[in-house]
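Novice: with the sequence up front, the predicted model follows.
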Amino acid sequence: MTAVLATRTRTPAAAKGGEFTGTASLLRLALRRDRVRATAWVLGVAVFVYSQAAPLKNLYPTQADLDDLARAYGSGVNPGLVAITGPPRALNTYGGATAWQVLTFAAVLLALMSYLLVLRHTRAEEETGRSDLLDAAPVGRYARLAAALLHVGLLNALILVLGLAALLSVGGIPFGGSLALMAACVSVGLVFAAVGAVAAQLTEHARSAGGIAGAVLGAAFLLRAAGDSAAVNGSSGRWLSWLSPIGWAEEVRPYAGDRWAVLLVPAVAVGLLLVAVGVLRARRDAGAGVVRSRPGPAGAPSTLSGPLGLAWRLQRGSILGWAIGAAIGGAVFGGLAQDMVTAANDDPNTAEMLREYTGAGGSLADVYLGMIYLVMGMVVAGYAVAAALRLRTEEESHRAEPVLATAVSRVRWAGAHVVWVVVGSAVILASSGLLAGLAHGLRTDAVGTEVSRQLGAALAQLPAVLVLAAVAVALFGVAPRFTLLSWAVLLLAIVIGQFGEILRLPSAVMDLSPFTHLPKLPGADVTATPYLGLLTLSAALTAAGLAGFRRRDLG
């Protein structure tokens with residue numbers, strides 16, 4: 001009824017100035033509301049770009065040093081590294097080395113920022129009912145959506161300018177390639193701003209819309225990773241990268257040709273998505289989604305009788321979606337493992353470089369899959385952090401208060417979510433290992449052996465994943481206003497784990513990433529010490545977070 005009244009009230013007023021009446025005012029409101037959040041995103045991405053470009057001249061002061069870097073990594077013989085960073089190009093230049101370290105990570109960060117902020121100013125406003133007050137004023141049908149997209153577009157443009165300035169301040173990096181690099185990253189952000197706008201039309205819940213947009217981002221990353229890894233192996237799967245906006249950004253090839261025409265692909269994609277947004281918005285009422293929610297059962301099932309069942313209801317969609325994505329990724333990479341062996345047999349230098357880089361034993365297939373599981377562990381850590389931060393979301397949206405007003409204790413409520421973070425992370429990793437083992441076993445006629453080996457290797461990443469999730473729980477309990485630092489810790493762990501050797505970081509810094517402590521299974525020897533250490537650390541951080549939540553005020 002509220003949505004219908006809001007729509008009827010708005011229509012005559014909007015007709016005076018069109019469907020975009022009030023866009024400028026709503027844009028100013030969005031900029032004011034996000035002055036802290038947006039500043040953190042913009043400066044965070046700019047600092048990340050600078051932090052990757054600035055050390056290179058000290059690490060590789062001569063052209064001979066750059067040539068050594070290109071020989072070690074430029075051939076792309078490390079498919080695990082390529083899967084997470086993209087293909088290395090022009091590594092014998094400072095620009096090419098910077099682009100290799102920056103492009104994929106910055107693109108993912110901009111994609112996250114873009115769709116999260118679009119949902120914050122569209123679907124979240126409708127879900128909480130605040131949009132009804134605005135719709136009663138002279139505001140056009142598309143004003144709030146247009147303001148959100150303009151807001152995110154301005155932030156992306158500002159990141160482009162600051163990132164370009166950061167690159168040029170280093171010196172010795174061409175302007176054209178720097179502009180191409182930042183434009184490629186921003187193109188991914190704009191595509192996912194449009195993806196977020198589409199997701200906002202489909203469902204009436206911001207959490208569900210975020211899940212849709214996040215699933216698209218996860219699929220884009222996996223498709224790009226599979227395509228790039230296939231290119232390393234020399235197989236025919238390179239076309240998979242062209243199904244991903246991140247793959248489009250890579251094909252711009254900053255500092256290695258600057259293929260500006262490729263940017264037409266994301267531009268066309270944004271245009272088509274915005275047309276879809278307009279069509280979908282016209283087909284729904286304010287506050288509703290195109291896919292209408294079905295009424296629930298008259299009585300609650302027994303599984304909702306406690307906090308564990310409630311946490312499962314909230315987490316199950318994410319667990320299922322991530323598990324399916326991990327299974328698909330595991331099947332793709334498991335199927336490519338034997339191709340890596342074939343490529344290495346044709347080029348013995350490739351095999352030697354792989355083993356020297358990883359320090360892992362076993363067959364070349366084991367070496368390859370060990371690197372893939374490291375990447376999968378880092379990806380699943382992203383799920384674990386997001387799932388742990390669901391606690392803060394429930395608290396801020398005041399959905400935790402009715403539960404905690406009953407006989408349910410704070411520790412029991414929060415602990416229920418932690419249980420599903422652990423179980424969900426294990427299930428997602430197991431999905432990738434099972435399918436990788438099945439795909440690899442079918443190609444080597446050893447299904448029974450490979451399934452068990454690859455399952456164990458995938459689950460071996462769980463302690464590192466749990467440490468990063470525990471950091472999020474600790475921040476939630478002790479310093480809830482700083483829970484976003486969990487993502488910074490995750491990014492730091494990934495950068496150290498992937499680029500620590502390249503940046504020649506000292507061992508003390510390398511040890512900050514939990515992933516550097518784990519043996520590279522399935523080919524390496526197993527010792528219990530690193531696993532026990534990481535599990536003890538994660539348990540201590542979780543306990544600290546639960547204890548802090550028990551003592552602090554809500555809100």
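Specialist: Thanks, I have the structure now. On a predicted model such as this, the values are computed, not experimentally measured, just so you know. Residues are numbered from 1 along each chain as shown.
Novice: CA-only coordinates of stretch 126-137 in CSV, if you can.
Specialist: Only the C-alpha atoms of stretch 126-137 are listed here, as CSV (Å, rounded to 0.1, in the frame of the first residue of the first chain):
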residue,chain,number,x,y,z
GLU,A,126,13.5,1.3,-0.8
GLU,A,127,13.8,-1.7,1.6
THR,A,128,14.1,0.6,4.7
GLY,A,129,11.2,2.8,3.5
ARG,A,130,13.2,6.0,3.4
SER,A,131,12.5,6.3,-0.3
ASP,A,132,8.8,6.7,0.4
LEU,A,133,9.4,10.1,1.9
LEU,A,134,11.4,11.2,-1.2
ASP,A,135,8.8,9.8,-3.6
ALA,A,136,6.2,12.0,-1.9
ALA,A,137,8.2,15.0,-3.1
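Novice: roughly how far out does it sit from the chain middle?
Specialist: 30 Å (C-alpha atoms, centre = their mean, to the nearest Å).
Novice: the lengthiest helix in the chain - contacts with which helices or strands?
Specialist: Taking DSSP state H as the criterion, the chain has its longest helix at helix 307-346. In terms of contacts (3 or more C-beta pairs under 8 Å, 6 or more residues apart in numbering; DSSP states H and E), helix 307-346 is packed against helix 79-85, helix 206-233, helix 348-358, helix 364-388, helix 390-396, helix 410-444, helix 447-459. For glycine as for every other residue, the C-beta is placed from the backbone atoms N, C-alpha and C.
Novice: worst mean pLDDT among these?
Specialist: The minimum mean pLDDT among those belongs to helix 348-358 (a mean of 56).
Novice: pull stretch 247-260 out as PDB, backbone CA atoms only.
Specialist: The C-alpha atoms that make up stretch 247-260 are tabulated as PDB, following Å, rounded to 0.1, in the frame of the first residue of the first chain:
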ATOM      1  CA  GLY A 247      39.100 -10.000 -19.100                       C
ATOM      2  CA  TRP A 248      38.000  -7.000 -21.200                       C
ATOM      3  CA  ALA A 249      40.100  -4.700 -19.000                       C
ATOM      4  CA  GLU A 250      43.100  -7.000 -19.500                       C
ATOM      5  CA  GLU A 251      42.700  -6.900 -23.200                       C
ATOM      6  CA  VAL A 252      43.300  -3.100 -23.200                       C
ATOM      7  CA  ARG A 253      46.900  -4.200 -22.600                       C
ATOM      8  CA  PRO A 254      48.300  -1.000 -20.800                       C
ATOM      9  CA  TYR A 255      51.900  -0.300 -21.700                       C
ATOM     10  CA  ALA A 256      51.900  -3.200 -24.100                       C
ATOM     11  CA  GLY A 257      50.100  -1.700 -27.100                       C
ATOM     12  CA  ASP A 258      47.300   0.300 -25.300                       C
ATOM     13  CA  ARG A 259      44.400  -1.200 -27.300                       C
ATOM     14  CA  TRP A 260      41.800   1.600 -26.700                       C
END
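Novice: so where's this structure shaky on pLDDT?
Specialist: 1-17, 74-81, 132, 135-136, 232-237, 287, 293, 296, 300, 339-362 (pLDDT under 70).
Novice: got the domain ranges for it?
Specialist: 36-130+143-292, 304-555 (automatic domain parsing).
Novice: which one is residue 212 nearest to, not counting chain neighbours?
Specialist: If the residues on either side of it in the chain are set aside, residue 212 comes closest to residue 199, at 4.1 Å by C-beta to C-beta, 6 or more residues apart in numbering.
Novice: identify the residues contacting that neighbour.
Specialist: 115, 119, 123, 209, 210, 212, 213, 216 (C-beta atoms under 8 Å, 6 or more residues apart in numbering).
Novice: distance check, the fifth one against residue 416.
Specialist: Read it as residue 210. Residue 210 sits 21 Å away from residue 416, going by C-beta to C-beta, to the nearest Å.
Novice: likewise for the third one?
Specialist: Between residue 123 and residue 416 the computed distance is 26 Å (C-beta to C-beta).
Novice: what's the answer for the second one, then?
Specialist: Separation of residue 119 from residue 416 (C-beta to C-beta): 26 Å.
Novice: next: residue 429.
Specialist: Counting by C-beta to C-beta, the gap from residue 429 to residue 416 is 21 Å.
Novice: do the same with residue 390
Specialist: Taken as C-beta to C-beta, the span from residue 390 to residue 416 is 11 Å.
Novice: between residue 119 and residue 416, point out the one with more neighbours.
Specialist: residue 119 (24 against 21; other C-beta atoms under 10 Å).
Novice: so who does the more buried one touch?
Specialist: Per C-beta under 8 Å, 6+ apart, neighbours of residue 119: 196, 199, 200, 206, 209, 210, 213.
Novice: switch those over to TSV; also include distance to residue 384.
Specialist: Below are those laid out as TSV (distance: C-beta to C-beta, whole Å):
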residue	distance to residue 384
196	22
199	22
200	26
206	21
209	21
210	16
213	19
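Novice: how near is the nearest residue to residue 484 once chain neighbours are set aside to residue 34?
Specialist: If you skip the residues right next to it in sequence, residue 484 has residue 40 as its closest partner in space, 7.2 Å away by C-beta to C-beta, 6+ apart. For residue 40, the distance to residue 34 (C-beta to C-beta) stands at 9 Å.
Novice: and the strands in the stretch 1-150 of the chain, which stretches?
Specialist: Using DSSP state E, counting those that start in this stretch, the stretch 1-150 of the chain contains no strands.
Novice: can you map out the helices along it?
Specialist: Assigned by DSSP state H, counting those that start in this stretch, the stretch 1-150 of the chain shows helices spanning 2-17, 23-33, 35-53, 56-59, 63-73, 79-85, 94-121, 123-128, 130-135, 143-170.
Novice: indicate which one of the helices and strands packed on helix 307-346 is closest to residue 485.
Specialist: helix 364-388 (10.5 Å; C-beta to C-beta).
Novice: give the contact list for the nearest residue to residue 252 once chain neighbours are set aside.
Specialist: Nearest residue to residue 252 in three dimensions, chain neighbours excluded: residue 184, at 4.1 Å (C-beta to C-beta, 6+ apart). Residues counted as contacts of residue 184 (C-beta under 8 Å, 6+ apart) are 103, 107, 248, 249, 250, 252, 254, 263.
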